[in-house]
Each structure stands twice: as structure tokens, then as C-alpha cells.
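Q: I'd like to go over a predicted model; first the sequence, then the structure.
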Amino acid sequence: MVEIFPPRNWVRALYACKGTGLPRVAEFIRRMQAKRHSNTEVVIDDFGGGAKFACRLGEHMGSQIYWRGAYSGSQLKVLTTLLQPGSVFVDLGANQGEFTIFAARLVGESGRVFAFEPSPEMQQRLSRNVALNGFTHICIEPVAVADKPGHLTLFSPTGVFEDGTTHDGLPSLYAQGRAVADSTCEVAVTTLDEWQRQRGVARVDLIKMDIEGAELPALRGGLELIQRFRPALIIELNAATSCAAGYTMHDLVIWLHSQNYELQRIEDDGSVASLRFDRLAPFQNILASPRP
């Protein structure tokens, strides 16, 4: 067992001291430890209230989860208001499983989680985190999602962030996304509608989409599912990845409005606020709720 000093509970306490300079101290420690332990993996057992999670301290997401408790904390708070025992959650862009593992605890064994992840490396990390928890109500779908089935190239950029971490969770179906690809592989692609028909899924309560530009194609390829089940949607709006995929954030917003969804921006504290279409930031996460 690798000994990490200072203990993570100390650092998490510093992060919690909002309005002081202590969160900056905590962030300095996180960055320092990411460089010092760039190849270290630690399994925590308190993720999302009691789940196990394998955190790579030199990787951007793993580092955040280890030291801060979550990478996507604001969105996870929204999940707690939308999922309950028996719910069905679809995780598009499951990565190493932050949303998948968190949701699996919320929906319980009477619910289901379908985790879509096309990257072979991320599939391995996702499978490891599922196995660590012994969850049997998670189904890993090793495919990408777009507007038509087939096979496409998955572009995987790598590089070092300014905080000293790498970010392995940015594979995209579009070559000019957040970064130039360092590696590529061919992956199977499906649509949500085709998947639903093949799986015979009879219920979908919530879909999370963080798929590096494929969000609008995935929505278009899931029109029947969306109209039938009217799930809530958590979607990343990103100007750069949308542009790489050949559309704009406004195109995605207009499409959601055409399906009678109300849109709200997810704030850093997990609350939601009205989304101003004339003031879209280059990046934001949104909640799309079906109107009656």
C-alpha cells in the first residue's frame, strides 16, 4: 500500500473551506502529488457514499476523485435528484465509471445502468471499477453512439495538463476536437434507437451525454427512444467539440427545444439555473427536462 502524505481527508477538508485561501493550498497539494505519484493507483472505498474506485493519481480525473471526492461533483448532485431505486440510467461516454458507479448505488439492484464506452483502455478501467464493487446491474456497452450504426475511427489525444496530470478520457469520433490525436482505433458504432430495439429496453429515466462532439448525432439517432420514454438528459455543451463535429451549440439547443425540453445550466454547486441561449459559455453542462 502506497503511503500518501498528507492524508486525503486533510486535503478534502481544505477544499471544503470556501471563501478562504485553503482550497488553493489543497489544489497545490493535489498537483504536487500528481507529479510525484504519476504512475500510482489507489483504490478508495468512500466514493459516492461507499463505493470503491480505482484512482490514478497522475491522471486528471483520477486525481480529482481521489483528492476532492469527485470529478463531476455538480452533475452527480443532479443525479441524486433524478434517480431512485428501480430507475434506468444510460451513461454515454462512461469513461472509467464515475457516473456509472455513482448511479449504480442510487438505482440499486432493482434498477439498471447501461454504460457506453468505445475506448478499449477506458473499457478496462470501467470494468475494473464495476468489478471492485461487485455490481451485477451494470451493463457495459463497448460501442460508440452516433446517428447511424457502423464503424468509425476513434481519435485519442494525450498530453499533460498544466496541473501536471494527463487526461485519458478525451477520445472522440472527430479528429479536430480538443486536441490532435496521438492514437486511433476503429470502433463499432450504434444508435440509441437501434440499441433499444436490440436490447428490448422498456424504460429509460435519465441519459448523460459526454461524448466529445457526438452529442447531437446521438440525440438524432435516439429520436424514437427520446419521444417514447421522455428521459431527462444531462449534456455537455462544448463549442470546440461541437465545431469539430460540424454543428454549433445552438444547433443542439434548438433540437432539444424542438422536442419540448426545458433547458437549465448546471451550476458548480449542483443547483440549476435558466439557460440563456444568447449567453452560452464556450463550455457548460446542462440539464434538459421533458415538459409535460
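A: Good, I have the coordinates.
Q: what's the span of stretch 37-44, first residue to last?
A: Using C-alpha to C-alpha, to the nearest Å, one end of stretch 37-44 lies 16 Å from the other.
Q: List the buried residues of that stretch.
A: Judged by neighbour count (16 or more other C-beta atoms under 10 Å), stretch 37-44 contains these buried residues: 37, 38, 40, 41, 42, 44. (C-beta placed from N, C-alpha, C; glycine too.)
Q: what's near enough to touch the fourth one?
A: Taking C-beta atoms under 8 Å, 6 or more residues apart in numbering, we find residue 41 in contact with 54, 55, 56, 57, 62.
Q: and of the buried residues of stretch 37-44, the nearest to residue 160?
A: When the buried residues of stretch 37-44 are compared for distance to residue 160, the smallest value, 9.5 Å, is given by residue 38; criterion: C-beta to C-beta.
Q: Show me the strands in the chain, by range?
A: Assigned by DSSP state E, the chain shows strands spanning 41-47, 51-56, 88-92, 112-116, 138-141, 144-145, 150-156, 183-190, 206-209, 232-238, 261-266, 272-274, 283-290.
Q: Can you spell out which helices and strands pack onto the shortest one?
A: Counting contacts by 3 or more C-beta pairs under 8 Å, 6 or more residues apart in numbering; DSSP states H and E, the secondary-structure elements packed against strand 144-145 are strand 183-190.
Q: Mind putting the contacts of residue 41 into TSV with neighbour count, distance to residue 285 and pLDDT?
A: TSV is the format used below for these (neighbours: other C-beta atoms under 10 Å; distance: C-beta to C-beta, whole Å; pLDDT from 0 to 100):
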residue	neighbour count	distance to residue 285	pLDDT
54	19	24	98
55	22	22	97
56	23	23	95
57	23	25	96
62	27	20	96
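Q: If you tally nearby residues, what's the number for the residue lying closest to residue 89 once chain neighbours are set aside?
A: If you skip the residues right next to it in sequence, residue 89 has residue 103 as its closest partner in space, 4.4 Å away by C-beta to C-beta, 6 or more residues apart in numbering. If you count neighbours by other C-beta atoms under 10 Å, residue 103 ends up with 29.
Q: do the same with residue 283
A: 12.
Q: Can you check the pLDDT for residue 166?
A: Residue 166 is assigned a pLDDT of 88 by the prediction.
Q: Pretty sure it sits against residue 160.
A: Yes. The criterion here is C-beta atoms under 8 Å, and residue 166 meets it with residue 160 at 5.8 Å.
Q: And residue 270, how close does it get to residue 12?
A: 17 Å (C-beta to C-beta, to the nearest Å).
Q: so where's the stretch 1-150 of the chain uncertain?
A: Low-confidence segments of the stretch 1-150 of the chain, defined by pLDDT under 70: 1.
Q: before we move on, the earlier item: so between residue 166 and residue 160, which is more surrounded?
A: Under the neighbour definition other C-beta under 10 Å, residue 166 and residue 160 were set side by side, and residue 166 has more, 19 against 14.
Q: For that one, name its beta-bridge partners.
A: On the basis of DSSP bridges, residue 166 takes part in beta bridges with residue 59, residue 160.
Q: so residue 257 touches residue 275, yeah?
A: No. With contact defined as C-beta under 8 Å, residue 257 does not reach residue 275; the gap is 10.5 Å.
Q: what do the two both touch?
A: Between them, residue 257 and residue 275 have residue 263 as joint contacts when contacts are counted by C-beta under 8 Å, 6+ apart.
Q: Compare these two (neighbour count), which wins?
A: Summary of the neighbour comparison: residue 257 and residue 275, criterion other C-beta under 10 Å, with residue 275 having more neighbours (19 against 14).
Q: so what's the closest residue to residue 143 other than its chain neighbours up against?
A: The spatially closest residue to residue 143, leaving aside those adjacent along the chain, is residue 188, at 4.6 Å (C-beta to C-beta, 6+ apart). Residues counted as contacts of residue 188 (C-beta under 8 Å, 6+ apart) are 118, 142, 143, 144, 150, 151.
Q: Please list only the buried members of those residues.
A: Buried residues within the contacts of residue 188, counting neighbours by 16+ other C-beta under 10 Å: 118, 142, 143, 144.
Q: how about these, which pair is most distant?
A: In the buried ones among the contacts of residue 188, two members sit farther apart than any others by C-beta to C-beta. They are 142 and 144, at 9.2 Å.
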